[in-house]
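Undergrad: Below: sequence and its predicted model.
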Amino acid sequence: MIGVGKIKQYSNVLDKPLSKGKQEVSLSAFAFLFSELVQYNQTQVDNIAELERRLEDAGYAVGARVLELLCHRDKGNRRETRLLGILSFVHSTVWKVLFGKVADSLEKGTEHEDEYMISEKELLVNRFISIPKDMGTFNCGAFVAGIVRGVLDSAGFPAVVTAHFVPMEGQQRPRTTILIKFAEEFRLPSYEDSVHMTTLHRRNALGDIFEANNCSYQSTTKRSKVRLIYVPGLITCNVYDAQQEHDECVNALQQHGEGW
Amino acid sequence: MAAIYSLYIINKSGGLIFYKDYGSAGRMDTNDSLRVASLWHSMHAISQQLSPVAGCSGIELLEADTFDLHCFQSLTGTKFFVVCEPGTQHMEALLKVIYELYTDYVLKNPFYEMEMPIRCELFDINLSLTVQKERVALLGR
């Protein structure tokens, strides 16, 4: 009978502090509900990819709401605007609220700059689920991938998120890795980027990063076209017409002369 | 020395949905195990009818010269039974644990169809862990 006698009586309901609510639900109840969700969606699809997509969509709605709730509850109505900030928010805060623990690991992909991985030795949703052999690499973690995608998307970091089984040496069961691949414009700028990417693309990418990260990235190249991104106004404006954007850049270049 | 010979799970209509043997003693081929399962199902039902006591829930223990058979029936009619060495203790507790594993790893698995043979990797893994633990405990006693 934990908590009995602790409840303070408030005469006015408005004086009552916003409670965090009960933090835990029955694991069995959740497992049965999730099982039903999977079973229902299985009746609605004719292939595994479709089932994965439907589970992800179900998770997406959860993620969008979780972000809203946690920004309000834990962060005083602020949300992360930096890429690493939002990733660690997912890895620790979101995971803790949803699964009662922080995720086992958050890593950066080795092959690609824009890939991050959240790994769990035993994902809560997979606790009681054995995938039949004929379903191949299907992973019910697609639901969790959807949650992550929902959080990231709503926070302004569009990404493609997928769940995979990764076999572990010396372990009977594979672990689940949530692979996050950010959309092109959120790649962190590197020296190679500024040299190899086309001018328009580069400006677009850096401009968005300015908006998203609010950091002062200094380009290392001396080429004037690259420097144009620092012209105030161009950084924040959202120009979708490439030709118009190009013209504006040319104008700005002319106005500021070679000094820019 | 294996104290537990084999484990059977039968659904409410008497079909064998899980069979596993431990060690060579009392091993059976597929046909024989199916036969044992449906025979036991019928005997269990008949024993309920024949019992002089009202509200009898069927045979719980069958003692023979060469083996003991402990049976546990869940509320939904699924029966779990182990065949073991005569005089083996604590089999009721083991059956309860196996029932728990069944509810966790079989019934909560969205890919399991009710009343169908059990093919769940997690159930197999956890079952062998439990039986191993039981064996160690039996040797220790």
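TA: Perfect, thanks for sending it.
Undergrad: can you pull out the helices in the stretch 101-250 of chain A?
TA: Listed in chain order, the helices of the stretch 101-250 of chain A (DSSP state H, counting those that start in this stretch) span A:142-154, A:191-196, A:199-213, A:224-227, A:242-256.
Undergrad: okay, which residue is most central for chain B?
TA: residue B:81 (2.4 Å; CA atoms, centre = their mean).
Undergrad: hang on, the earlier thing: tell me, which of the helices of the stretch 101-250 of chain A is the model least confident about?
TA: The weakest mean pLDDT among the helices of the stretch 101-250 of chain A belongs to helix A:224-227, with a mean of 32.
Undergrad: The helix or strand of chain B with the lowest mean pLDDT close to chain A?
TA: In chain B, no helix or strand scores lower on mean pLDDT, DSSP states H and E than helix B:121-140, which sits at a mean of 88. Yes. Contact between helix B:121-140 and chain A, assessed by CB under 8 Å from any CB of the partner chain, occurs at B:121-123, B:125. The way it works is simple: take the backbone N, C-alpha and C, and place the C-beta from them, glycine included.
Undergrad: which of those has the most neighbours?
TA: residue B:123 (23 neighbours; other CB atoms under 10 Å in any protein chain shown).
Undergrad: Contacts only, for the residue sitting furthest away from the middle of chain B.
TA: Within chain B, residue B:52 marks the point farthest from the mean C-alpha position, 25.6 Å out by CA atoms, centre = their mean. By CB atoms under 8 Å, 6 or more residues apart in numbering or on different chains, the contact list for residue B:52 is empty.
Undergrad: neighbouring contacts of stretch A:134-143?
TA: Here stretch A:134-143 has contacts from A:34, A:37-38, A:48, A:51-53, A:55-56, A:58-59, A:120, A:123, A:125-126, A:129, A:131, A:162-165, A:176, A:178, B:110-111, using CB under 8 Å, 6+ apart.
Undergrad: Next, the residue farthest from the centre of chain B: secondary structure please.
TA: coil (DSSP: H, G, I helix; E, B strand; the rest coil).
Undergrad: If you tally nearby residues, what's the number for residue A:45?
TA: Neighbour tally, residue A:45, other CB under 10 Å: 14.
Undergrad: And the closest residue to it other than its chain neighbours, how close does it get to residue A:148?
TA: Excluding the flanking residues, the one nearest residue A:45 by CB to CB, 6 or more residues apart in numbering or on different chains is residue A:51, at 4.8 Å. Distance, residue A:51 to residue A:148, using CB to CB, to the nearest Å: 18 Å.
Undergrad: before we move on, what about residue A:52?
TA: 14 Å.
Undergrad: Repeat that for residue B:67.
TA: Residue B:67 is 53 Å from residue A:148, by CB to CB.
Undergrad: cool, residue A:95 as well?
TA: Taking CB to CB, one finds residue A:95 at 10 Å from residue A:148.
Undergrad: more neighbours, the two?
TA: Neighbours of residue A:95 and residue A:148, each counted by other CB under 10 Å, are more numerous for residue A:148; the result is 30 against 22.
Undergrad: Show me where chain A dips below the pLDDT cut-off.
TA: Applying pLDDT under 70 to chain A flags the ranges A:1-9, A:18-22, A:185-260.
Undergrad: quick one on the thing from earlier: quickly list what the residue nearest to the centre of chain B is bridged to.
TA: Taking DSSP bridges as the rule, residue B:81 bridges to residue B:8, residue B:71.
Undergrad: In which helix or strand does residue B:20 reside?
TA: strand B:16-21 (DSSP states H and E).
Undergrad: Ok, residue B:95 next?
TA: Short version, using DSSP H and E: residue B:95 is in helix B:91-101.
Undergrad: doesn't residue B:68 make contact with residue B:61?
TA: Yes. Using CB atoms under 8 Å, residue B:61 is in contact with residue B:68, at 6.7 Å.
Undergrad: Who has more neighbours out of those two?
TA: Neighbours were counted for residue B:61 and for residue B:68 using other CB under 10 Å; residue B:68 has more, 18 against 11.
Undergrad: thought the more buried one was touching residue B:60?
TA: No. Taking contacts as CB under 8 Å, residue B:68 lies outside contact range of residue B:60: 11.0 Å.
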